[in-house]
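Asker: Sequence unavailable; structure follows:
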């Protein structure tokens, strides 16, 4: 390459960042920057509230000032920087959240102008405005590492170092922050770091390859330590995320795979189309294109899993992610491909809109910039003193939760089952959480065992606030099943608080009287199994496995869930969802428990005292028989505590 060519390319890269040009393009560029900042920085953050999602969001934030370790004390899908994704407010984490999201917003804007180049300033501005208007914040954050990789690819062959270094720094912030914020971004962030390293190595810049890896690792460590975490817990954090990922698809999926198959086909088709179009960008050679396609595939796979496993509000994260990728591809694609990209994006949105209905269509369109502007305006109002401060709003929200929870002040360490952590945090209790602190998420045997050990160990809480709160029509006692026996052995009822039972720790644990005999019985999918009647309570563990096809479905998409039909002694049948990991971990089968009062009655249970409406006489486990093994075993353990 000639000196003239190198100088021209260096000047081109410098002009990318200055964004000069016609007034309209400059105005649009600045508008895009302002909107991205308004969209990503939580100027009007979410305040504490009751409910499952608000509870875990508040709990993850509140874990930081309490000095809880992620990977040890806390094992959950969110990390210490989770507020970057959720936008939730806490006095101890808000400054860090603002700083990280501000860096992400500025980096996203810069990288868009880098990848578009000086000849596409208008396209970069349009893409910035569109990305700021996406409905789902998490969908946008998933795509940012891919955008950082594209920016690195665009700068690899330039003469000037600082554009490359700036994009390496942005990629490090994007990947390091993502990993510290959300477990689902591990694959995307890892692919981005590896891909950037390969691109830089191919450009004969080995020292920059090393810088790329060290920068990503260093950013993650900086964020990790800044949020009060120990370096020694990183391995446990990664291990916990991997364990959660291993059971997530089966436990958390909603609906039949066939019901969401049309959405999968559209998403996969659009992702393939966009990846192949991106591979045709002029400034990517064959190998660089392959790297970009792989990382694009990792991004699409992550977004698809996030959106279609549950196929509820998470679906809009998938749509927002694909829309973001689509407009980035449109901005950098060959002139001959740009119209096809728009046509493909439009067709995909129309099909998805037809499947979701009018209400879903409104949220599909990247036209939510006004919401970001309103949120930023509220932030400015608080800054100049014409609106209540965030701390005032936080305390008011905390007071509202406390008034509606019905929990009295509690002295001593306390945990709450199953997912109303907001109630506990609102009374400023000494929260001593089990690792997987919301019971529905303890969906593998290892996760359930972590929680059981917490109750049996020296760090167990003095008090437990209890109420069954199963999700997705699960069998109530299957969530945190092994912990129920520990609760019955080591705690006793103290008093009731509205719909919850408050348990106090016993000085000495109760033991089984040994009157029952454990039995392992063969069973067949779809056939009824009689439950022997002995002991006051019956615990079961089900040893069943997916078929080879079922394993493939669980890995790539989702499978048909297991259904447990329970027939009680009065002849009534009810059908529940039974996640695989919870079935394997074991749970209380009989008597059935639906309320805190039902659970309290277990402490007084004797075999003859169980009413027929709660005594389980037979069970049937069923599902799609091509996805699960036909034959399995059920281990039945009668328990009578003394």
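Answerer: Thanks, I have it. Keep in mind that this is a model prediction, so the values were computed, not measured.
Asker: Report the buried residues of stretch 516-528.
Answerer: By neighbour count with 16 or more other C-beta atoms under 10 Å, stretch 516-528 contains the buried residues 516, 523, 525, 528. Any C-beta I mention is one placed from the backbone N, CA and C, and that applies to glycine too.
Asker: Okay, now the unreliable bits of this structure?
Answerer: Scanning the chain with the threshold set as pLDDT under 70 gives 1-23, 157-161, 358-362, 605-608.
Asker: Can you tell me the closest non-neighbouring residue to the residue nearest to the spatial centre of it?
Answerer: Geometric centre of the chain, nearest residue: residue 77, 5.0 Å, by C-alpha atoms, centre = their mean. Using C-beta to C-beta, 6 or more residues apart in numbering and skipping residues adjacent in sequence, the residue nearest residue 77 is residue 183, 4.8 Å away.
Asker: Surely the one you found is in contact with residue 79?
Answerer: Yes. Between residue 183 and residue 79 there is a contact at 6.8 Å, judged by C-beta atoms under 8 Å.
Asker: Compare neighbour counts for these two and give me the winner.
Answerer: Counted by other C-beta atoms under 10 Å, residue 183 and residue 79 do not tie: residue 79 has more neighbours, with 28 against 22.
Asker: The more buried one contacts residue 178, correct?
Answerer: No. Taking contacts as C-beta under 8 Å, residue 79 lies outside contact range of residue 178: 9.2 Å.
Asker: would you list every one of the helices in the stretch 351-500 of the chain?
Answerer: Along the stretch 351-500 of the chain, the segments classed as helices by DSSP state H, counting those that start in this stretch run 358-364, 369-383, 390-405, 421-426, 445-456, 481-490.
Asker: now for the last one, which elements pack on it?
Answerer: Using 3 or more C-beta pairs under 8 Å, 6 or more residues apart in numbering; DSSP states H and E as the contact test, the elements touching helix 481-490 are helix 445-456, strand 537-543, helix 580-585, strand 587-590.
Asker: nearest spatial neighbour of residue 632, skipping sequence neighbours?
Answerer: Per C-beta to C-beta, 6+ apart, closest to residue 632 is residue 544, 3.8 Å.
Asker: sorry, back to before: want to try a markdown table for the helices and strands packed on helix 481-490, with distance to residue 640 and mean neighbour count as columns?
Answerer: Below are the helices and strands packed on helix 481-490 laid out as a markdown table (distance: least, C-beta to C-beta, whole Å; neighbours: other C-beta atoms under 10 Å):
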| stretch | distance to residue 640 | mean neighbour count |
| --- | --- | --- |
| helix 445-456 | 20 | 21 |
| strand 537-543 | 7 | 21 |
| helix 580-585 | 21 | 24 |
| strand 587-590 | 13 | 25 |
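Asker: Make JSON lines from these and add distance to residue 223 to it.
Answerer: Below are the helices and strands packed on helix 481-490 laid out as JSON lines (distance: least, C-beta to C-beta, whole Å):
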{"stretch": "helix 445-456", "distance to residue 223": "25"}
{"stretch": "strand 537-543", "distance to residue 223": "40"}
{"stretch": "helix 580-585", "distance to residue 223": "30"}
{"stretch": "strand 587-590", "distance to residue 223": "38"}
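Asker: Quick one: closest of those to residue 467.
Answerer: In terms of C-beta to C-beta, the element of the helices and strands packed on helix 481-490 nearest to residue 467 is strand 587-590, at 15.2 Å.
Asker: What strands line up against the closest one, and which way round?
Answerer: Strand 587-590 sits in its sheet next to strand 537-543 (antiparallel), going by DSSP bridges.
Asker: contacting residues around the nearest residue to residue 433 once chain neighbours are set aside?
Answerer: Distance criterion C-beta to C-beta, 6+ apart; nearest residue to residue 433, sequence neighbours excluded, is residue 415 at 5.6 Å. In this structure, residue 415 makes contact with 424, 431, 432, 433, 434, 437, 461, 463, 464, 465, judged by C-beta atoms under 8 Å, 6 or more residues apart in numbering.
Asker: which of these lies closest to residue 446?
Answerer: Nearest to residue 446 among those, with distances taken as C-beta to C-beta, is residue 434, at 13.4 Å.
Asker: is it true that the closest one touches residue 454?
Answerer: Yes. In this structure, residue 434 is within contact of residue 454 by C-beta under 8 Å, at 4.3 Å.
Asker: so what's in contact with those two at the same time?
Answerer: Going by C-beta under 8 Å, 6+ apart, no residue sits against residue 434 while also sitting against residue 454.
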